[in-house]
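>>> Sequence first, then the predicted structure:
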Amino acid sequence: MQQTFAAPARNTIYIYTEEQRGNQLVESPVIGMLSDISGSDKLVVALDPHSGLKFVYRIDHDSNNLDAAAITEQDASLFNGKTSVQINAMTYRLGTAENAMKLLRGKTQWIQDKGAVLSVLLQNAAARKTRFAPPRIERDRMRKVPPGVLVEHLPT
């Protein structure tokens, strides 16, 4: 039996993950976005509700994938559209969760690229500071969430 779920009323998305607890869609709060000075590089920041890590994701609209690019330790309150941060010698503005949701173009279901997450976790453990992982991992991608996966909602 396939579970259905309503679109999130708050700034959250459902991220399909393949992990030890099983394959599932996990409702995750969208914290904000990062945008370089030119506005050409825009990334979304979402909180993993299990680990408490704030992943910075590159968006691939064509494949419905979110590729983890980094982990940030910036406080959620700094994602206000006014604060900037330096990453890899580049300045990025911290945008609001509402603007991040617009960047996602209304899509509420995404697939987390497992390889990109592992790469970011390893890089973060080694560097101990926010750094971007390589832009794209070239391989076959999962493009659709399998039917009937469990859906894990955030507590209300």
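All right, it came through fine.
>>> For the helix or strand bottoming out on mean pLDDT in the chain, which residues meet the burial criterion?
Taking mean pLDDT, DSSP states H and E as the measure, the helices and strands of the chain show their lowest mean at helix 114-127, namely a mean of 81. For helix 114-127, burial by neighbour count (16 or more other C-beta atoms under 10 Å) applies to 116, 117, 119, 120, 121, 123, 124. Backbone N, C-alpha and C define where each C-beta goes, glycine included.
>>> can you pull out the strands in this protein?
Assigned by DSSP state E, the chain shows strands spanning 12-17, 24-36, 42-47, 54-60, 65-72, 84-87, 90-95, 109-112, 150-152.
>>> about what we covered before: kindly indicate which of the buried residues of helix 114-127 lies nearest residue 42.
Ranking these by separation from residue 42, with C-beta to C-beta as the measure, puts residue 116 on top at 16.8 Å.
>>> which of the buried residues of helix 114-127 sit farthest apart?
The largest separation in the buried residues of helix 114-127, counting by C-beta to C-beta, is between 116 and 124 at 12.3 Å.
>>> So which of the strands of the chain is nearest residue 141?
Among those, strand 65-72 sits nearest to residue 141 (C-beta to C-beta), with 5.6 Å.
>>> now the end-to-end length of stretch 145-156.
In stretch 145-156, first residue to last residue: 24 Å (C-alpha to C-alpha, to the nearest Å).
>>> Go ahead and name everything in contact with stretch 108-127.
Counting by C-beta atoms under 8 Å, 6 or more residues apart in numbering, stretch 108-127 makes contact with 7-8, 12-18, 25, 55, 63-71, 104, 130-131, 133-134, 137, 139, 141-145, all of which sit outside it.
>>> now with 6 Å?
Outside stretch 108-127, the residues within contact range by C-beta atoms under 6 Å, 6 or more residues apart in numbering are 7, 13-18, 64-68, 71, 133, 137, 142.
>>> ok, the residues you listed vs residue 89, which is closest?
Of these, the one sitting nearest to residue 89 (C-beta to C-beta) turns out to be residue 133, at 15.8 Å.
>>> need the contact list for the residue lying closest to residue 150 once chain neighbours are set aside.
Nearest in space to residue 150, with sequence neighbours left out and distances taken as C-beta to C-beta, 6 or more residues apart in numbering, is residue 24 at 4.2 Å. When contacts are counted by C-beta under 6 Å, 6+ apart, residue 24 is found next to 149, 150, 152.
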